[in-house]
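Engineer: Kindly generate the corresponding structure for this input.
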Amino acid sequence: MDVYLNLHGLGNAGTSVPEAEKPYWLPLERFETVLEIVRKARRRVHITFDDGNISDLRLALPALCRAGLRATFFILSERVGSPHYLGVEDIRALRAEGMAIGSHGADHVRWTSLPDEVLAEQVAHSMAALSEIIGEPVRMIAAPFGAYDRRVLAVLRRLPVDRVHTSDGGLTASWSGLVARNTIKADTPLNNIHDLVSRRHSLLDYFSVIHRQWRWSMC
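Structural biologist: Numbering: from 1, shown residues only. Reported below is the predicted structural model:
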């Protein structure tokens, strides 16, 4: 089974980032240490970034290339081109370097708070906008704030969505449609990350994966 790590911005968060989001920004040096842990991991580790901050291009991309690693960037389509966020050419540059592009929705809102038709429009519009930018289908999505429930999953099942990335934590099977990501914050102990990517999986991990897939397939 695989491990998915979820990060946000790198470097100095700056005044444009809300106080509640600043603990999720990592210094570049710490991110590079995380990449070294990933390179030495015993299992396959996937790196993801949410929001589409400009540090994805300026800091994360060079560090990933130096380490010989790839990542998936989940982008808020309504923020594309805004100050401190990725622009159209930035997103294309990430893709050209072998990075994957996914949708984080149009706006940074909790999907559980949206009516069905608004949620469907938010996600469909974002996927279409990002697909047009990179010239290929975007079918991976990540729930803002990790917020989802059975109703949200039912709406997403009606869209051309291949995989839904959450913030549930734990391990994920390669065939799972509901991906459990592990959020990394600036104060996350490095030993915790090392243990996560190195430990042997248990029966509880198997049951968790099966349960998540059942939730996805039953919606």
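
Engineer: pretty sure A147 is touching H108, no?
Structural biologist: No - taking contacts as C-beta atoms under 8 Å, A147 lies outside contact range of H108: 10.9 Å. C-beta: built from backbone N, CA, C; applies to glycine.

Engineer: Which residue would you name as the spatial centre of the chain?
Structural biologist: Central residue of the chain (C-alpha atoms, centre = their mean): T48, 4.1 Å from the mean position.

Engineer: secondary structure class for that one?
Structural biologist: Under DSSP: H, G, I helix; E, B strand; the rest coil, the three-state class of T48 is strand.

Engineer: which stretch of helix or strand covers the closest residue to it other than its chain neighbours?
Structural biologist: Residue nearest to T48 in three dimensions, not counting chain neighbours: T72, with 4.7 Å by C-beta to C-beta, 6 or more residues apart in numbering. Assigned by DSSP states H and E, T72 belongs to strand 71-75.

Engineer: Past that strand, which element shows up next along the chain?
Structural biologist: Assigned by DSSP H and E, the successor of strand 71-75 is helix 88-96.

Engineer: Mind listing what's buried along that following helix?
Structural biologist: Under the neighbour-count criterion of 16 or more other C-beta atoms under 10 Å, helix 88-96 has 90-91, 94-95 buried.

Engineer: can you give me how far whichever helix or strand comes after it is from the chain middle?
Structural biologist: Remark: after helix 88-96, the chain's next helix or strand is strand 100-103, criterion DSSP H and E. The gap between where strand 100-103 is centred and where its chain is centred comes out at 8 Å by C-alpha atoms, centre = their mean, to the nearest Å.

Engineer: Now do the strands in this protein.
Structural biologist: Secondary structure of the chain (DSSP state E): strands located at 2-7, 45-51, 71-75, 100-103, 140-142, 163-165, 171-172, 178-179, 181-183.

Engineer: and L94, what is it in contact with?
Structural biologist: Applying C-beta atoms under 8 Å, 6 or more residues apart in numbering, we find L94 in contact with 56-57, 61, 73, 86, 101.
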